[in-house]
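**Q** any chance you can model this:
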Amino acid sequence: MKIVTKTARFSSPLYLESGRILEPYEIAYETYGELNEDKSNVVLVCHALSGSHHAAGLYESDRKAGWWDGLIGDDKAIDTKKYFVVCTNVIGSCFGSTGPMSGMYPSEEPYRLKFPVVTIKDMIRAQMQLLSSLGIYHLRAIIGGSMGGMQALQFAVDYPNLADNIISLAATYATRPWTIAFNKVAVEAIRKDPRFKNGNYDKNAFKKEGLDGLAIGRIAGHISYLSPASMDEKFGRNYVSNDGLFELFGRYEVERYLEYNTANFARMFDPLSYLYIVKAINTFNLSRGYDSLYDAISRIKSRMHLISFSTDYLFFPEEMEHIYKMMERNGQSCSYLEVKSEYGHDAFLVELEKFDESIREILK
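**A** Predicted structure coming up:
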């Protein structure tokens, strides 16, 4: 599989939903496979909150492959022998695209809290600029899970003639209070951490030790990504063998797991980017800018494919089913699959074998 990693720079202004302008800006992106002569084999992959443009394959120095490596590659569901796959890092992120720690042109001083709030609409508008710069004006498919699924849905509504197929996994038509409440834990934990300094920290301040506030907030997020059944199966009531049961801070295995994973995350992810991306997720609402959700959904011309997971407690299956029923009543092309899973929201990243054949069939 051929992997190419690049960064595109744009000097033309990106007009944001808030009324502000981002100028200039950069988008990091990765491509897999080969573009055919008439550019009809393009599949756009959209990433979730903590993801990046590195969706598949291994870099030379890495031990861990891209976040959807099981799905993207030669002879896999998204077959890079057939398709030219593009994955971009969203604006606001910390993995190469313009975000809050990028230099505020013309100076090199980071934006920090002066960075404008970006929305899912803004993220896909920036991706449209990238596609246009590559001479790509039509897509075989757009696919993504969680926040990536939100982007896929927004593409379907805002650019109805762009893609033949839209595949949205583990997403929703609008972020509900339950999810916003989970995100609030992370937001407040970051803001109240004294080392956060209201965003005025050095660029590499948390590379070694991480930010405690981000780690704590990520614990809340991690809980929402799993399910009670998956935690029972993975950890049970097992206690850390060298921790005393009657020590106040002795830990169960589930506690050690959360500590370890979130501490690692807090060293690699920028806290300001986390705040900005969480804001984009919280403000997601397909109906914004249209008269109603019905009006927004009625614009869709692509074949829509919705996949939810039975134990997803972040974006419940009935949220995706609501879109399906609306499209079905309209006579629009739409399929809906609820995957039986005990894994929770993160099943879209973990239990690929439960839906990879469906994606293979859709792309045929």
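**Q** what about the strands in the stretch 1-150 of the chain?
**A** 3-10, 14-15, 21-22, 25-32, 42-46, 72-73, 78-79, 84-88, 139-145 (DSSP state E, counting those that start in this stretch).
**Q** phi, psi for Pro317 please.
**A** phi -50, psi -40 (degrees, to the nearest 10).
**Q** so who does the spatially most central residue of the chain touch?
**A** The centre of the chain sits closest to Ala48, judged by C-alpha atoms, centre = their mean, with a distance of 1.0 Å. Ala48 makes contact with Trp67, Gly144, Gly145, Ser146, Met147, Gly148, Leu349, according to C-beta atoms under 8 Å, 6 or more residues apart in numbering. Using the backbone N, CA and C atoms, a C-beta is placed for each residue, glycine as well.
**Q** near the fifth one, how many other residues are there?
**A** One way to gauge burial is a neighbour count; for Met147, by other C-beta atoms under 10 Å, it gives 25.
**Q** surely it meets Ile281?
**A** Yes: contact criterion C-beta atoms under 8 Å: Met147 and Ile281 qualify, at 5.6 Å.
**Q** need the overlap of contacts for these two.
**A** Leu49, Ile120.
**Q** what's the spacing between the spatially closest residue to Lys301 that is not a sequence neighbour and Ala65?
**A** Distances taken as C-beta to C-beta, 6 or more residues apart in numbering put Pro160 closest to Lys301, at 4.3 Å, once the chain neighbours are dropped. According to C-beta to C-beta, to the nearest Å, Pro160 and Ala65 sit 34 Å apart.
**Q** Asp243 too?
**A** From Asp243 to Ala65 the distance is 33 Å (C-beta to C-beta).
**Q** before we move on, what SS does the residue in the chain sticking out farthest from the centre have?
**A** Ranked by distance from the centre of the chain (C-alpha atoms, centre = their mean), the top residue is Phe246, with 40.6 Å. With DSSP: H, G, I helix; E, B strand; the rest coil as the basis, Phe246 sits in coil.
**Q** the one 10 residues further on now?
**A** The three-state label for Arg256, taken from three-state DSSP, comes out as helix.
**Q** contacts only, for it.
**A** Contacts of Arg256 by C-beta under 8 Å, 6+ apart are Val240.
**Q** any idea of the pLDDT on it?
**A** Listed pLDDT for Arg256 reads 96.
**Q** what secondary structure does the residue nearest to Lys301 sit in?
**A** Assignment for Pro160 (three-state DSSP): coil.
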